[in-house]
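[1] Okay, sequence plus prediction incoming.
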Amino acid sequence: MKQKEHKVKEFFATSWSINNRTSIYVLTIIITLLGILSYISIPKEQIPEIVIPTIVVTTIYPGTAPQDMENLVTRPIEKQAKSLADVKKITSNSVQDFSTIVVEFNPGIEVPEAKQRVRDAVDKARSNLPNNLPKEPDIMEVDISEIPVMYINISGDYDLQRLKKYAEEAQDKIETLKEITRVDIVGALEREIQVDVDMYKMQAASVSFSDIQRAVASENVTVSAGTITSYGTKRTIRITGQFKSPAEIGNIMLKSSSGATVYIKDIADVWDSFKEQESFSRFEGKNVITLNVIKKSGENLIKASDEIKEMITELKKTSYPPDLTVEITGDMSRYTRSTLEELNNTMIIGFLFVTLILMFFMGFNNAFFVALSVPLSMFVAYLVMPGLGFTMNMIVMFAFIFALGIIVDDAIVVIENTHRIHRYEPNIIKAAKYAAGEVFLPILSGTLTTLAPFFPMAFWPGVVGKFMHYLPVTVILTLFASLFVAYIINPVFAVSFMKHEYDKHEYKTRYKRLLVSSVILLVLALIFYFTGIPGLGNLLILFLILNALYRLWIKNAVFKFQNVLWPKLMTYYEASLRFFLRGRNPWYLLYSVTGLFFLTIIITGIVKPKVLFFPVNEPNNIFVFIKMPEGTDQRVTDSVTRIVERRINNVLCKNNPAVESIVTNVGFGAGEDLFDRTVVSTRERYPSISPKANTGGISPPRITWTGSGRL
């Protein structure tokens, strides 16, 4: 009877990669380069930006008290908004002449859909609103991430008008960056053309305020007068009527009710002045103009910070006078940069430890190429992340660290099985193909089992789910990438570089080869340093140190471990295994483990551990909010703020090493509520007519202490 031949399993993808080794090496280089470029281009931030659908409804009704705004405007809209589905919370604020309603939806709702629902609710409430509203209620979406990421404080021995010009110059440059949404100016004066009417002269001329208002508004316009044909060419006629000086306003003629004609300058004084200052800003107790820089959601914070600092440096050299002081405070990129650097260092240290441990079991060459599966798997994940809209944040980096030790599992099994088969199969190509095919299903099932708990986490609902969504998805991406590397790239490395290093009993160090390789790595590292690529230079220096340590010291330690310590450990393990498999010992072991399991549950129920979403850390900032009675004049608020500011300075003392800066804001940008924008910062390119500033509803002041240590 003919003996049946044993058919050797092969995994088609591994066999194809081994037969096309040159293509795989090219693919590895492409993955490495594209992965590095993708990592550089991925936006970096400290924590993920979570989109919470929030819609704000604002209504203006001049001449209405806060209580009337509540009854006439706020409540009818609130009543309709409460009937909307998926609404999490509704908050409202009614002040003099102004109503604000904030509708927050559950995270599962898209922002456009939420906005349309609120718009429909406002339409239903329109019949119950006053008929003489100057304009329809404004409905706008709010980006929770629109908080200042940097404060630029401009000060010097100049008046506020001159400082504002310098601030606007910086504002124009910074707003050109694609990462920046807008830049708000706090503490600046706004130009205002004031028409101070003499009441008695106006009555004598039989002219009303509305007559003056209509006359000024109708004259301060630029209109198109059509086209004319001249010498076969059509030309557009444009009549410019915008005022260029206050004198032009004074020369406007008015027709009184009695039929007489009067000039505005006959009944009023026209002044080129400023609006009543509604916001104040101080840095270290000195009056400054502050630029609040708002970043776009999902953009690179570190890149934006670096570009802004370069712009400020350029402005200091080219446009700003030498005695102008520009200070940057509250730079959020510092914390993001520090967090990413710490996490990167942790990943590098973890990679080194993984490589070092593998050296003792697999030798230097095998361990090194198995450890390469860590960066290669991460590079593959980097390529996919931009398509998912992911940013490089703390949660993503933690997921990479979490998966660091799991990534090499697949490569270890493939390479170790290849090494085992290669002892009996001299042809390394056949050994690599047989090894990968033999363990494909066990590795695939093991990886899927490891990933099974992470799939439900990817669909975790709510705000917390959106926040933690990055962790399971990153782990799933990285482990699937490790499968690709283990079966496509690692077998090719094994075919080209695998040696039976620890089968040899002579561990002599070839100093000449070590010297040549060290010199080559050092020269390449210096080239990268001089060309401005320190990252690759550091990597080559790291390889140089690892190679030298292995050849001079670790290699002998590996030999002793493989031939002395490891056999002793295996003997002890064999004795322990024989003991637990003898007689009824397996049952005793099962009962012990089961009892330990229930004992752990009981102890956990008795001594309940404290559960926290995140560890409590010492804050880097202290905010002091001062709330004044409704309608308090902003100058009174500023005077009270100065008193509080002096007391804080007395507590902190001068030259306190724990204090980096003290910034005070009164008015715009100082409210504790994110949606408090009662005082709006604007810029005026041309003179305009505006009413006196309303002092009611000014945002409360804020004093910010930024520290670098513990107070």
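    Thanks, I have it.

[2] which residues touch stretch 66-84?
    Around stretch 66-84, the neighbours that count as contacts under CB atoms under 8 Å, 6 or more residues apart in numbering are 57, 59, 61, 64, 87, 90, 92, 94-99, 101, 103, 117-118, 121-122, 124-125, 128-130, 137, 630. All C-beta spots, glycine's among them, are computed from the backbone N, C-alpha and C.

[3] what distance separates it from the centre of its chain?
    On the basis of CA atoms, centre = their mean, to the nearest Å, the separation between the geometric centre of stretch 66-84 and that of its chain is 35 Å.

[4] then it to CSV, C-alphas only?
    Only the C-alpha atoms of stretch 66-84 are listed here, as CSV (Å, rounded to 0.1, in the frame of the first residue of the first chain):
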residue,chain,number,x,y,z
PRO,A,66,-34.5,91.7,31.4
GLN,A,67,-37.8,90.5,33.0
ASP,A,68,-39.7,91.5,29.9
MET,A,69,-37.1,89.8,27.7
GLU,A,70,-37.7,86.6,29.7
ASN,A,71,-41.5,86.7,29.3
LEU,A,72,-41.8,88.1,25.8
VAL,A,73,-38.9,86.4,24.0
THR,A,74,-37.1,83.7,26.0
ARG,A,75,-40.0,81.7,27.3
PRO,A,76,-41.9,81.2,24.0
ILE,A,77,-38.8,80.0,22.3
GLU,A,78,-37.8,77.8,25.2
LYS,A,79,-41.3,76.2,25.2
GLN,A,80,-40.9,75.0,21.6
ALA,A,81,-37.3,74.0,22.1
LYS,A,82,-38.2,71.7,25.0
SER,A,83,-40.4,69.6,22.8
LEU,A,84,-37.5,68.7,20.5
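
[5] tell me the mean pLDDT over that stretch?
    Taken as a whole, stretch 66-84 carries a mean pLDDT of 88.

[6] List the buried residues for it?
    66, 69-70, 72-78, 80-81, 84 (16 or more other CB atoms under 10 Å).

[7] Would you mind putting the residues you listed into JSON lines with distance to Gly108 and secondary structure alongside?
    Below are the buried residues of stretch 66-84 laid out as JSON lines (distance: CB to CB, whole Å; DSSP: H, G, I helix; E, B strand; the rest coil):
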{"residue": "Pro66", "distance to Gly108": "35", "secondary structure": "helix"}
{"residue": "Met69", "distance to Gly108": "33", "secondary structure": "helix"}
{"residue": "Glu70", "distance to Gly108": "31", "secondary structure": "helix"}
{"residue": "Leu72", "distance to Gly108": "34", "secondary structure": "helix"}
{"residue": "Val73", "distance to Gly108": "30", "secondary structure": "helix"}
{"residue": "Thr74", "distance to Gly108": "27", "secondary structure": "helix"}
{"residue": "Arg75", "distance to Gly108": "28", "secondary structure": "helix"}
{"residue": "Pro76", "distance to Gly108": "28", "secondary structure": "helix"}
{"residue": "Ile77", "distance to Gly108": "24", "secondary structure": "helix"}
{"residue": "Glu78", "distance to Gly108": "23", "secondary structure": "helix"}
{"residue": "Gln80", "distance to Gly108": "22", "secondary structure": "helix"}
{"residue": "Ala81", "distance to Gly108": "18", "secondary structure": "helix"}
{"residue": "Leu84", "distance to Gly108": "14", "secondary structure": "coil"}
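
[8] So which of the residues you listed is the closest to Glu574?
    Leu84 (69.3 Å; CB to CB).

[9] how much space between the closest one and Val56?
    Leu84 sits 14 Å away from Val56, going by CB to CB, to the nearest Å.

[10] before we move on, what about Ser256?
    Plainly put, Ser256 is 45 Å away from Val56 if you go by CB to CB.

[11] Just the CA atoms of stretch 479-487, as PDB, please.
    Below are the C-alpha coordinates for stretch 479-487, written out as PDB (Å, rounded to 0.1, in the frame of the first residue of the first chain):
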ATOM      1  CA  LEU A 479      -2.900  44.900  15.700                       C
ATOM      2  CA  PHE A 480      -4.300  44.200  12.200                       C
ATOM      3  CA  ALA A 481      -1.200  46.100  10.900                       C
ATOM      4  CA  SER A 482       1.000  43.700  13.000                       C
ATOM      5  CA  LEU A 483      -0.600  40.800  11.200                       C
ATOM      6  CA  PHE A 484       0.300  42.300   7.900                       C
ATOM      7  CA  VAL A 485       3.900  42.900   9.000                       C
ATOM      8  CA  ALA A 486       4.300  39.400  10.600                       C
ATOM      9  CA  TYR A 487       3.200  37.600   7.500                       C
END
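
[12] Name the residues that touch it?
    Stretch 479-487 is touched from outside by 11, 13-14, 17, 373, 376-378, 380-381, 403, 406-411, 413-414, 436, 440, 443-444, 447, 450-451, with contacts defined as CB under 8 Å, 6+ apart.

[13] quick one: average confidence on it?
    Stretch 479-487 carries an average pLDDT of 89.

[14] Likewise for stretch 120-139?
    Taken as a whole, stretch 120-139 has an average pLDDT of 87.

[15] So which residues make contact with that stretch?
    Looking at stretch 120-139 with CB under 8 Å, 6+ apart, the contacting residues turn out to be 55-62, 72-73, 76-77, 79-81, 83-84, 115, 118-119.

[16] if you set the cut-off to 6 Å instead, what comes out?
    Counting by CB atoms under 6 Å, 6 or more residues apart in numbering, the neighbours of stretch 120-139 from elsewhere in the structure are Val57, Thr58, Thr59, Tyr61, Leu72, Pro76, Ile77, Gln80, Ala81, Leu84, Val118, Arg119.

[17] And for Asn620, the neighbour number?
    Around Asn620 there are 14 other residues, counting by other CB atoms under 10 Å.

[18] Before we move on, what's the pLDDT of it?
    Each residue has a pLDDT score; the one for Asn620 is 72.

[19] Residue ranges of each domain in the chain, please.
    Under the assignment named as automatic domain parsing, the residue ranges that make up the domains of the chain are 1-46+370-501, 54-141, 148-190+277-331+619-707, 193-274, 504-604.

[20] between those, which gets the lowest average pLDDT?
    Sorting the domains of the chain by mean pLDDT places domain 148-190+277-331+619-707 lowest, at a mean of 73.

[21] That one: how far from the chain's middle?
    In this view, domain 148-190+277-331+619-707 has its centroid 22 Å away from the chain centroid, taken as CA atoms, centre = their mean.

[22] ditto for stretch 570-586
    Averaging C-alpha coordinates over stretch 570-586 and over its chain gives two centres that are 54 Å apart (CA atoms, centre = their mean).
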